[in-house]
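# based on what follows, work out the 3D shape:
(one chain, ligands or ions: 1)
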Amino acid sequence: MSAPLLDIRDLSIEAHKDGERLGIVERVSFSVATGEILGLVGESGSGKTVTCRALMRLLPTRSLRISGGKIEFAGRNLVTASEAEMRHIRGARIGMIFQNPASHLDPVMRIGRQIGESLVLHLQMSPREAKAQTIELLRQVGIPDPQRRADDFPHQFSGGMRQRAMIALALACSPELLIADEPTTALDVTVQAQILRLLVELRDKRGLSIILITHDLGVVAQTCDSVAVMYAGRICEKGPKRDVLAEPLHPYTSRLIACQPSASAEAGLLPSIPGQPPSPSAWPSGCRFHPRCERAIGLCRSSAPELVTVRSNHVAACHVTAPARLADEAA
Ligand code: SF4
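Prediction:
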């Protein structure tokens with residue numbers, strides 16, 4: 001089997017505040033193969049965005065730092081890569097799109113010029129070649145009449161069109177990996193479905209690998225091949241999407257699935273997970289989910305469960321459900 005494009009092993013990230021060190025992300029491991037779409041799922045504050053910023057080496061260095069582990073991308077450990085090397089990798093080999101494209105597109109520069117500048121800078125294209133390639137990219141992401149719309153400013157685009165333009169910008173240098181951080185959260189349902197379809201098409205046509213950061217398991221169901229669930233800075237479950245969604249092992253994943261809106265759910269009756277996600281300054285002892293978990297036993301308060309492989313590639317960290325499922329599988 002060929003090596004994954006991205007292999008993150010035991011990544012830990014610390015925050016520094018008032019002389020104190022707080023563990024924000026702890027021993028996170030996951031990998032992404034060429035052409036795979038991985039959903040990185042969890043509530044706000046679970047550490048998913050900070051993990052992906054670390055992989056781009058975009059952590060604010062005064063407050064956050066990688067304290068352990070490695071990030072192998074195409075055989076290179078990005079934790080030890082020089083800043084000059086990272087400048088080349090960001091944009092050219094790893095692209096990123098965000099929830100709010102308006103704040104990442106320059107409001108006073110025409111859309112086409114923003115994409116063209118990236119092509120000139122990273123791929124040394126002539127202005128003429130860059131213009132032709134820009135129009136082709138806008139066409140590929142579904143912007144109608146791309147020749148004319150390339151001269152528009154971001155405010156002349158709708159929210160969905162701005163997200164498409166952001167994707168075109170991220171794809172300009174043909175990256176191998178795209179990190180999409182909640183790319184559809186601000187969009188209405190129809191446009192959301194169009195953007196998710198576009199990401200899957202780009203994977204199919206370009207063999208692009210994608211990490212899709214989301215709190216929405218509906219988005220994972222529509223788009224991803226595999227899923228990693230984060231809670232309070234740790235991975236609590238990961239595996240092939242079909243297995244995780246159909247037969248979740250971790251009580252937190254089960255609760256996230258139960259909280260998804262369904263066609264039959266009546267307004268106001270949507271279940272929610274009781275309690276709040278904890279903050280790094282007050283991580284609970286043992287299993288960090290124990291204060292909110294209806295299956296908790298005494299051991300959960302004192303001992304952090306390790307990830308256990310229950311079925312091929314399907315792993316979970318739970319003192320109760322993982323051993324029970326292992327026993328079922330063995331019976
Ligand atoms: Fe719940 Fe205990 Fe499993 Fe944590 S280890 S998810 S508290 S049962």
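# what about the residue nearest to Glu182 when sequence neighbours are not counted, which SS state?
Excluding the flanking residues, the one nearest Glu182 by Cβ to Cβ, 6 or more residues apart in numbering is Gln99, at 4.1 Å. Placement of C-beta: from N, CA and C, glycine included. Secondary structure, DSSP: H, G, I helix; E, B strand; the rest coil: Gln99 is coil.
# which residues in the protein form strands?
Taking DSSP state E as the criterion, the chain contains strands spanning 6-17, 20-32, 37-41, 64-73, 76-77, 94-97, 177-181, 209-214, 226-231, 234-240, 308-311, 314-316.
# and the fifth one, what's its mean pLDDT?
If I follow you right, that is strand 76-77. Averaged over strand 76-77, pLDDT sits at 95.
# mind listing what that strand pairs with, with the direction of each?
Next to strand 76-77 in the sheet, as set by DSSP bridges, lie strand 64-73 (antiparallel).
# export only the CA atoms of the strand it pairs with, formatted as PDB.
Extracted in PDB, the C-alpha atoms of strand 64-73 (Å, rounded to 0.1, in the frame of the first residue of the first chain):
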ATOM      1  CA  LEU A  64       0.600  28.600  20.400                       C
ATOM      2  CA  ARG A  65       3.300  26.100  19.600                       C
ATOM      3  CA  ILE A  66       3.700  22.600  18.400                       C
ATOM      4  CA  SER A  67       5.000  20.700  21.500                       C
ATOM      5  CA  GLY A  68       5.300  17.200  20.000                       C
ATOM      6  CA  GLY A  69       4.600  14.800  17.100                       C
ATOM      7  CA  LYS A  70       5.200  15.100  13.400                       C
ATOM      8  CA  ILE A  71       3.300  16.100  10.300                       C
ATOM      9  CA  GLU A  72       4.500  14.200   7.300                       C
ATOM     10  CA  PHE A  73       3.400  15.700   4.000                       C
END
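# one step back: the residue nearest to Glu182: how many residues sit nearby?
18 (other Cβ atoms under 10 Å).
# again with the one 10 residues further on
A count of neighbours around Met109, defined by other Cβ under 10 Å, yields 12.
# ramachandran angles for the residue lying closest to it once chain neighbours are set aside?
In this structure, Met109 finds its nearest non-sequential neighbour in Phe153, 7.5 Å apart by Cβ to Cβ, 6+ apart. Dihedral angles of Phe153 (phi, psi; degrees, to the nearest 10) stand at phi -90, psi 160.
# what distance do you get for Phe153 to the ligand?
Distance from Phe153 to the ligand, counting by Cβ to the nearest ligand atom, to the nearest Å: 49 Å.
# check that residue and give its pLDDT.
At Phe153, the pLDDT value in this model is 96.
# contacting residues around it?
107-111 (Cβ atoms under 8 Å, 6 or more residues apart in numbering).
# if we can go back for a sec, of the strands of the chain, which is nearest the ligand?
strand 234-240 (7.1 Å; Cβ to the nearest ligand atom).
# tell me how many other residues surround Glu20.
By other Cβ under 10 Å, 9 other residues sit near Glu20.
# and the strands of the chain as TSV, adding distance to Phe157?
Rendered in TSV, the data for the strands of the chain read as follows (distance: least, Cβ to Cβ, whole Å):
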stretch	distance to Phe157
strand 6-17	31
strand 20-32	30
strand 37-41	25
strand 64-73	32
strand 76-77	36
strand 94-97	14
strand 177-181	18
strand 209-214	22
strand 226-231	31
strand 234-240	36
strand 308-311	45
strand 314-316	41
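# sounds good, over and out.
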